[in-house]
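1. got a predicted structure here, sequence first:
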Amino acid sequence: MLDDVPKEIVENQLKTIAVGHPVGTPDNIARIVAWLCSDDSKWVSGQTISASGGFLML
């Protein structure tokens, strides 16, 4: 998703992420979706899950 965004903008955004400056991948989201589809998440209901790699922890 970031291929068309200027590199300097992406780099500045990554510097503001609190936890290790990660870049998300489709696999990161797929793992969350897979967990939500499993019985392990059966007590999760009506929640907002932030799959942001810590971006909102500022």
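-> It's in. Numbers count the residues shown, from 1 in each chain.
2. what does stretch 23-30 rub up against?
-> 2, 14, 51-53 (Cβ atoms under 8 Å, 6 or more residues apart in numbering). Placement of C-beta: from N, CA and C, glycine included.
3. at 7 Å what do you get?
-> 14, 51, 53 (Cβ atoms under 7 Å, 6 or more residues apart in numbering).
4. the last one: neighbour count?
-> It refers to G53. Counted with other Cβ atoms under 10 Å, residues neighbouring G53 total 18.
5. let me see the mean pLDDT of the helix ranked longest in the chain.
-> Across the chain, the helix with the greatest residue count (assigned by DSSP state H) is helix 26-37. Per-region confidence: helix 26-37 scores 93 on mean pLDDT.
6. returning to what we had before: I'd like the contacts of stretch 23-30 as CSV, with distance to I29 appended.
-> What follows is the contacts of stretch 23-30, written out as CSV (distance: Cβ to Cβ, whole Å):
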residue, distance to I29
L14, 18
A51, 6
G53, 11
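7. and those residues, which of them are in strands?
-> Per DSSP state E, strands hold no members of these.
8. show me which of those residues is closest to K42.
-> A51 (19.4 Å; Cβ to Cβ).
9. and for the closest one, the neighbour number?
-> Neighbours of A51 under the rule other Cβ under 10 Å: 11.
10. using CSV, write down the CA coordinates of the least confident helix or strand in the chain by mean pLDDT.
-> Within the chain, confidence by mean pLDDT, DSSP states H and E is lowest for helix 7-15 among all helices and strands, at a mean of 78. Extracted C-alpha coordinates of helix 7-15, given in CSV (Å, rounded to 0.1, in the frame of the first residue of the first chain):
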residue,chain,number,x,y,z
LYS,A,7,9.8,7.5,0.6
GLU,A,8,10.5,10.5,2.9
ILE,A,9,6.9,10.5,4.1
VAL,A,10,7.0,6.8,4.9
GLU,A,11,10.3,7.2,6.7
ASN,A,12,8.9,10.1,8.8
GLN,A,13,5.8,8.1,9.7
LEU,A,14,7.9,5.1,10.7
LYS,A,15,9.9,7.2,13.1
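11. just the buried positions in it, please.
-> For helix 7-15, burial by neighbour count (16 or more other Cβ atoms under 10 Å) applies to no residue.
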